[in-house]
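turn this into a model:
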Amino acid sequence: MIKVCSMCSGMSIDDLKNALLGKEIEDMCIGECGSEFVGYVEDDLVTASSQEDFIEQVK
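All right, here's what the predicted structure looks like:
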């Protein structure tokens, strides 16, 4: 499961779902307000320099 906050992360949930087919993506507050391009994959925090970098890291 991938958890991201579309409000704070600067990432489009639709784009993530299209790029990461088959992965469960949940749009919710993850407590990382003000941090761009971050999300949790399982219980690990992933930080990236862009949405594309985030997608590459979690593939």
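
show me what counts as buried in the worst-scoring helix or strand of the chain on mean pLDDT.
None of the helices or strands of the chain scores lower by mean pLDDT, DSSP states H and E than helix 6-9, at a mean of 92. Buried residues in helix 6-9, defined by neighbour count with 16 or more other CB atoms under 10 Å: C8, S9. C-beta here means a position set from N, CA and C on the backbone, and glycine is covered the same way.

let's have the chain start at 59 instead
In the new count, where the first residue is 59, that last one comes out as helix 64-67.

pull it out as CSV, backbone CA atoms only.
Output in CSV follows, covering the C-alpha atoms of helix 64-67 (Å, rounded to 0.1, in the frame of the first residue of the first chain):
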residue,chain,number,x,y,z
SER,A,64,-2.4,14.9,-2.5
MET,A,65,-2.8,18.3,-0.7
CYS,A,66,0.8,18.4,0.6
SER,A,67,2.8,16.1,-1.6
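
can you tell me what sits against that helix?
Residues from elsewhere that reach helix 64-67, judged by CB atoms under 8 Å, 6 or more residues apart in numbering: S70, I71, D85, C87, E90, C91, G92, S93, E94, F95, V96, G97.

where is pLDDT lowest across the residues you listed?
Least confident entry in the contacts of helix 64-67, by pLDDT: G92, with 88.
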